[in-house]
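Asks: My questions concern the predicted model and sequence given below.
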Amino acid sequence: MENKRIVFFALMVLSGIALLAFSGCGKKDPPLPPEIKGQKIAAPFDLKYKVVDNEITLSWNHKVDAETAFVKPDSFEVFMAKKTFEACEGCPFEFKSAGTVFMPFMEFATGIQKGFKYYFRVQAIGDDGMRSEHSTTVQFEYK
């Protein structure tokens, strides 16, 4: 009888260990390359807009920093999101690519429609698809 209890207890402990060892979310991200100091792209900054009739023109600046972000971008991708004025405050919205601008240009124009709130942000892109953080987001209401 005592041997049965010991065997039962040992099986319970082994089951617990196996459960912990083989449990997990099942998702595995690809390995990240090692980060080399400064080997990244700085985010665009000073994003501004100008509206003329039904067109908005965005402009921004970009600076390479020799210590923290020395990779020069090849292009910039502009992202746009829009929602109606009736949409609830704080409702989520999705940014979609509005276009790409190649260096040395840092200006982008696109058509807009009345009755929407527009949100824009820009991201620098370098070799091998390296991307910067997004710029700050600008918002424009076109009534």
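Replies: Alright, I've got the coordinates. Numbering: from 1, shown residues only.
Asks: Tell me which stretches of this protein form strands.
Replies: 45-52, 55-61, 75-84, 96-102, 107-111, 116-125, 131-134, 138-142 (DSSP state E).
Asks: Go through the third one and flag the buried ones.
Replies: In other words, strand 75-84. Buried residues in strand 75-84, counting neighbours by 16 or more other CB atoms under 10 Å, are found at 76-82. Glycine gets a C-beta too; all of them are placed from N, C-alpha and C.
Asks: What is the least confident helix or strand in this protein?
Replies: Within the chain, no helix or strand scores below helix 2-22, which has a mean of 63 by mean pLDDT, DSSP states H and E.
Asks: contacting residues for residue 123?
Replies: Listed by CB atoms under 8 Å, 6 or more residues apart in numbering, the contact partners of residue 123 are 43-44, 76-77, 79, 131-135.
Asks: and the gap between the nearest residue to residue 99 once chain neighbours are set aside and residue 106?
Replies: Once flanking residues are discounted, residue 99 sits nearest to residue 78: 5.4 Å by CB to CB, 6 or more residues apart in numbering. Per CB to CB, to the nearest Å, residue 78 is found 10 Å from residue 106.
Asks: for residue 116, same thing?
Replies: Going from residue 116 to residue 106 by CB to CB gives 25 Å.
Asks: Then residue 97?
Replies: On the measure of CB to CB, residue 97 and residue 106 end up 17 Å apart.
Asks: So if I had to pick from the two, which one is more boxed in?
Replies: Under the criterion of other CB atoms under 10 Å, the comparison of residue 97 against residue 106 puts residue 106 first, with 18 against 10.
Asks: How about the contacts made by the residue lying closest to that one once chain neighbours are set aside?
Replies: Nearest residue to residue 106, sequence neighbours excluded (CB to CB, 6+ apart): residue 60, at 5.3 Å. With contact taken as CB under 8 Å, 6+ apart, residue 60 is in contact with 44-48, 76, 106, 122, 135.
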